[in-house]
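In: quick check, what structure comes out for this input:
(2 chains)
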Amino acid sequence: MNAHRWTLSVGLVLASAVLMKTAPALAHHSSAPFYDATKKVEVQGSVTRFLFKNPHSFLYFTGPDEKGQNVEWQIELGPAASLTRTGWTPQTLTAGMIIKASGQPSRAEGSHGMCCAKITRADGSPIVAGGRVTEEQQPPK
Amino acid sequence: MMAWLEATALATWTRESPSIWAYPTILTLHTVGLGIVVGANAVIDFRLLGFAPRISVPSLSPLFRLILWAFVLNAATGLLLFMSEATTKSKQPIFYIKLTFIALALWNTDLVRRGMLKDGPIGAPLNSSRYRRLAIVSLVLWSAAITAGRLMAYL
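Out: Residues are numbered from 1 along each chain as shown, chains lettered A, B, ... in the order given. I've put the predicted structure just below:
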């Protein structure tokens, strides 16, 4: 009887491990209902607003949509409490700064949202050099 | 009103502080409090449904005090979390559904508590179908409240 329980427990732990490996974007809840992890968008643009807050920060910037027209993009980021640990502050991204972002697009029709984005400066260099997380992939894994 | 609430120093601190002692701690306490409130309720409910028959039902009554204090903790941390995003949370129907489930669940818990105080010392009526019904309603209502709370992140 005990052997069965052990097998079940070990199996469950392994299954969770596999799940965690295959769902890298899991923060405190899954982003899958809102963002499509099978697609990727890459946009370069100019920062308009950076909301450094809990439970999610948001970055707004102006950049081209799929037709090349300038629109306001919104990137969902991790909470202020986690961004801080990567070396980010509310002043890390200021209006007018040119950034390059690649991430998962929002599922909502007609919206221009992105999550789990890798954000760099226009030349591809990290936003905060030597930050705790080497690759500025947000939300932090 | 909601905008004012969200702009207060306390709400701003909860929302914007990068400290681990701000939002993450408040949210963690809210979850721990939930565990105690619903966990202690579940112990009573399962006992009323016939589990662990060697534990006397009246001996569980001190749990109601624990439920009360854990609920106070959750009301306080919940208020802080609500304040920090008052303008958006106040527009979420699921938030009011959650509050309704909590109110009904608390009312139900109080019915069990008063029943146990009244009938407990005698013992016998606690095996009645009325208590089994209250126990099932309690488990359903608290589960619904948790589900609605969790859905606030999605709806």
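In: pLDDT averaged over the one helix or strand A:Gln44 maps to - what is it?
Out: Element membership of A:Gln44, judged by DSSP states H and E, is strand A:41-51. When pLDDT is averaged along strand A:41-51, the result is 94.
In: now do the contacts for A:Ser57.
Out: By C-beta atoms under 8 Å, 6 or more residues apart in numbering or on different chains, the contact list for A:Ser57 reads A:50-51, A:76-80, A:83. From N, CA and C alone the C-beta is placed, and that goes for glycine too.
In: taking these one by one, which sit in helices?
Out: A:80, A:83 (DSSP state H).
In: what subset of the contacts of A:Ser57 is buried?
Out: A:50, A:76-80, A:83 (16 or more other C-beta atoms under 10 Å in any protein chain shown).
In: relative to chain B, how far out is the residue nearest to the spatial centre of chain A?
Out: Using C-alpha atoms, centre = their mean, the residue of chain A that lies closest to the mean C-alpha position is A:Cys116, 2.0 Å off. According to C-beta to the nearest C-beta, to the nearest Å, A:Cys116 and chain B sit 16 Å apart.
In: helix or strand for the nearest residue to A:Val43 once chain neighbours are set aside, which one?
Out: Distances taken as C-beta to C-beta, 6 or more residues apart in numbering or on different chains place A:Gly63 nearest to A:Val43, at 4.2 Å, with adjacent residues excluded. A:Gly63 belongs to strand A:57-64 when assigned by DSSP H and E.
In: buried residues, that strand. List them.
Out: A:57, A:59-61, A:63.
In: want to throw those residues into TSV with distance to A:Trp88 and pLDDT?
Out: Shown next, in TSV, are these (distance: C-beta to C-beta, whole Å; pLDDT from 0 to 100):
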residue	distance to A:Trp88	pLDDT
A:Ser57	8	93
A:Leu59	10	94
A:Tyr60	16	95
A:Phe61	16	95
A:Gly63	20	94
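In: out of these, which is nearest to B:Ile20?
Out: A:Ser57 (15.5 Å; C-beta to C-beta).
In: can you tell me how far the residue lying closest to the closest one once chain neighbours are set aside is from A:Asn70?
Out: Once flanking residues are discounted, A:Ser57 sits nearest to A:Leu77: 4.0 Å by C-beta to C-beta, 6+ apart. A:Leu77 sits 22 Å away from A:Asn70, taking C-beta to C-beta, to the nearest Å as the criterion.
In: how about the residues of chain B near chain A?
Out: Contacts of chain B with chain A, taken as C-beta under 8 Å from any C-beta of the partner chain, map to B:14-20, B:22-24, B:27, B:84, B:153-154.
In: mind checking which of those are buried?
Out: B:14-18, B:22-24, B:27, B:84.
In: of the residues you listed, closest to B:Met2?
Out: Closest to B:Met2, out of all of those and judged by C-beta to C-beta, is B:Ser84, at 11.5 Å.
In: what's the strand holding A:Gln44 packed up against?
Out: strand A:57-64, strand A:70-77, strand A:98-105 (3 or more C-beta pairs under 8 Å, 6 or more residues apart in numbering or on different chains; DSSP states H and E).
In: could you dump the ones you listed into CSV with distance to A:Ala129 added?
Out: Shown next, in CSV, are those (distance: least, C-beta to C-beta, whole Å):
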stretch, distance to A:Ala129
strand A:57-64, 19
strand A:70-77, 19
strand A:98-105, 15
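In: for B:Ser129, which of those strands is the nearest?
Out: The minimum distance between B:Ser129 and the helices and strands packed on strand A:41-51 falls on strand A:70-77, with 49.7 Å, by C-beta to C-beta.
In: mind listing what B:Ala40 touches?
Out: Contact partners of B:Ala40, counting by C-beta under 8 Å, 6+ apart, are B:63-64, B:66-67, B:70.
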